[in-house]
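**Student:** please work out how this folds:
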Amino acid sequence: MANPTTARIRFGVIGAGAIGAIHMETLNKLADVAELKAVTDTYLPLAEQRATEYNIPVTHASPEALLADPELDAVVIAVPNQFHAPLTIAALEAGKHVILEKPMAIDSAKAKEIVDVQERTGKTLIIAQQMRFSGLARAVKAVIDEGKLGRIYNVKSGWIRKKGIPGWGSWFTRKELAGGGPLIDIGVHMIDLALHFMGGPRPVSVFGTTYAEFGPHKRGTGNWGTPNWEGTYDVEDLATALIKLDNGATLALDVSWAAHAADMSDEPFIHLMGSEGGISYVGNTAKFITHVDNEVVTTEIAPLDDSNERELLARHFIQSIQDGTTPISSAISGYTNNRILDAIYESSETGNQVKLNWN
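**Tutor:** Numbering: from 1, shown residues only. The predicted structure follows:
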């Protein structure tokens, strides 16, 4: 295996679907630090197609064959959620560093298994929460880190898509493969980014509810993914929750794939309220608000730059390998997100608040 401090990191990609292709395109843009050398997929013709598209020299017949390849230092895992844990564990135990697509796992028990193996092997693992790396998100975090918000005590986060159910009847809408609907798909982004802005407090209790008003009737479908109209839809299409954190703050979450939501933006949003100021982050804009001489003053927050967020995530991952440091989107952060997701689903099923023990 190459010495990561002196050579480019050599990557393989497991999963040649749409997300896998995005990672391939990203890695090919990082030729100074990365080399894309292998790909595999359960549908081998698709892997061969991607190999041609992205100039990948080796197409492996299986994930097992790819993970046994001594010419690879790291792998990207971009497969349905059900397979995140077994493939990540196998990769770590094979001595590979891992970029793992979100969510970390289909549930928190599987996420905890990944955490345990990552800690035992010492390999670098990053969860692909690329929203943390956008120029605007980094600018917002810089304002927060300067202390301009004071104590952040209340946050509202979400992503309300009005007509965006992906791949109706495919793995996206099957609970056994995906683990859930918009909550585990896009909600995990909003939980992750909100907690990142808040400084990483731990959740201590969760109350939530999920609904399925569109998907079971084949309504509200979007353009992502390939539908299978003979398939199954047994996940939610909207989720709402209130999360209490160990520092006393609260995080409210609302996400949907489909909803009759008039006058609500389709863009992801986070509204941070602090003792000294607040930030409203919606889509590609952000504003800082505070009181000066008893008057409300609002100023725009400009992105730090226009760098590609996925390229920055990959560079951060590679730098973490070289430095032996923990990525900011770490295994523990992914596990925390999974615990919140599980608690929301449990709360919806039972109608009760779910308390989380971190001992």
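
**Student:** CA only for contacts and neighbour counts going forward, please
**Tutor:** Noted.

**Student:** next, the contact list for I144, please.
**Tutor:** Going by CA atoms under 8 Å, 6 or more residues apart in numbering, I144 touches F197.

**Student:** same question for the one 10 residues further on.
**Tutor:** Contact criterion CA under 8 Å, 6+ apart gives 249-251, 272-274 as the residues in contact with N154.

**Student:** mind checking pLDDT for it?
**Tutor:** N154 is assigned a predicted lDDT (pLDDT) of 98.

**Student:** wait, is it part of a strand?
**Tutor:** Yes: according to DSSP: H, G, I helix; E, B strand; the rest coil, N154 belongs to a strand.

**Student:** ok, back up a step: ok, the contacts of N154 vs L177, which is closest?
**Tutor:** Lowest distance from L177 to the contacts of N154 (CA to CA) belongs to L251, with 27.7 Å.

**Student:** can you confirm the closest one is in a strand?
**Tutor:** Yes: under three-state DSSP, L251 falls within a strand.

**Student:** still on that earlier bit, got the contacts of N154 as TSV, with pLDDT and neighbour count columns?
**Tutor:** What follows is the contacts of N154, written out as TSV (pLDDT from 0 to 100; neighbours: other CA atoms under 10 Å):
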residue	pLDDT	neighbour count
A249	98	18
T250	98	19
L251	98	23
L272	98	24
M273	98	21
G274	98	22
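
**Student:** pull the most distant pair out of those.
**Tutor:** Most distant of these, by CA to CA, are L251 and G274, 12.5 Å apart.

**Student:** low-confidence regions, the protein specifically.
**Tutor:** Within the chain, the stretches falling below the threshold (pLDDT under 70) are 1-6.

**Student:** helices along that one, start to end?
**Tutor:** Assigned by DSSP state H, the helices in the chain fall at 18-28, 44-53, 63-67, 84-93, 108-121, 135-145, 175-178, 182, 188-198, 309-323, 331-350.

**Student:** which of the ones you listed sits most buried?
**Tutor:** With neighbours taken as mean count of other CA atoms under 10 Å, these reach their highest mean count in helix 182, at a mean of 27.

**Student:** figure out how far that helix is from the centre of its chain.
**Tutor:** 12 Å (CA atoms, centre = their mean, to the nearest Å).

**Student:** tell me which strands and helices it is in contact with?
**Tutor:** Using 3 or more CA pairs under 8 Å, 6 or more residues apart in numbering; DSSP states H and E, no helix or strand is in contact with helix 182.

**Student:** which residues sit against that helix?
**Tutor:** Contacts for helix 182 (CA under 8 Å, 6+ apart): 236-239, 255-257.

**Student:** let's go with 7 Å and repeat that
**Tutor:** 236-238, 255-257 (CA atoms under 7 Å, 6 or more residues apart in numbering).

**Student:** with adjacent residues omitted, what lies nearest to S348?
**Tutor:** T209 (4.2 Å; CA to CA, 6 or more residues apart in numbering).

**Student:** next, count neighbours for the spatially closest residue to L149 that is not a sequence neighbour.
**Tutor:** Distances taken as CA to CA, 6+ apart place G277 nearest to L149, at 4.2 Å, with adjacent residues excluded. Counted with other CA atoms under 10 Å, residues neighbouring G277 total 21.

**Student:** so what's G277 up against?
**Tutor:** Applying CA under 7 Å, 6+ apart, we find G277 in contact with 148-150, 289-290.

**Student:** roughly how far does it sit from I160?
**Tutor:** Look at G277 and I160: by CA to CA, to the nearest Å, they are 25 Å apart.

**Student:** before we move on, what about I56?
**Tutor:** 37 Å.

**Student:** next: A16.
**Tutor:** 28 Å.

**Student:** could you redo the contacts of G277 as TSV and give each row neighbour count and distance to A68?
**Tutor:** Output for the contacts of G277, formatted as TSV (neighbours: other CA atoms under 10 Å; distance: CA to CA, whole Å):
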residue	neighbour count	distance to A68
K148	18	50
L149	21	49
G150	15	50
I289	20	53
T290	19	55
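
**Student:** relative to M104, which of those residues is nearest.
**Tutor:** The shortest gap between M104 and any of the contacts of G277 belongs to L149, at 30.0 Å (CA to CA).

**Student:** wouldn't that closest one be in contact with L272 here?
**Tutor:** No: in this structure L149 lies outside contact range of L272 using CA atoms under 7 Å: 8.4 Å.

**Student:** beta-bridge partners for the residue nearest to I344 when sequence neighbours are not counted, please?
**Tutor:** Leaving aside its sequence neighbours, I344 sits nearest to G208 (CA to CA, 6+ apart; 4.8 Å). Applying DSSP bridges to G208 yields these beta-bridge partners: A241.

**Student:** please report how far G208 lies from D342.
**Tutor:** Taking CA to CA as the measure, G208 falls 10 Å from D342.

**Student:** tell me, how many residues neighbour the residue lying closest to G225 once chain neighbours are set aside?
**Tutor:** Spatial nearest neighbour of G225, chain neighbours left out: G167 (4.2 Å); criterion: CA to CA, 6+ apart. G167 has 20 neighbours, counted by other CA under 10 Å.

**Student:** okay then, goodbye and thanks.
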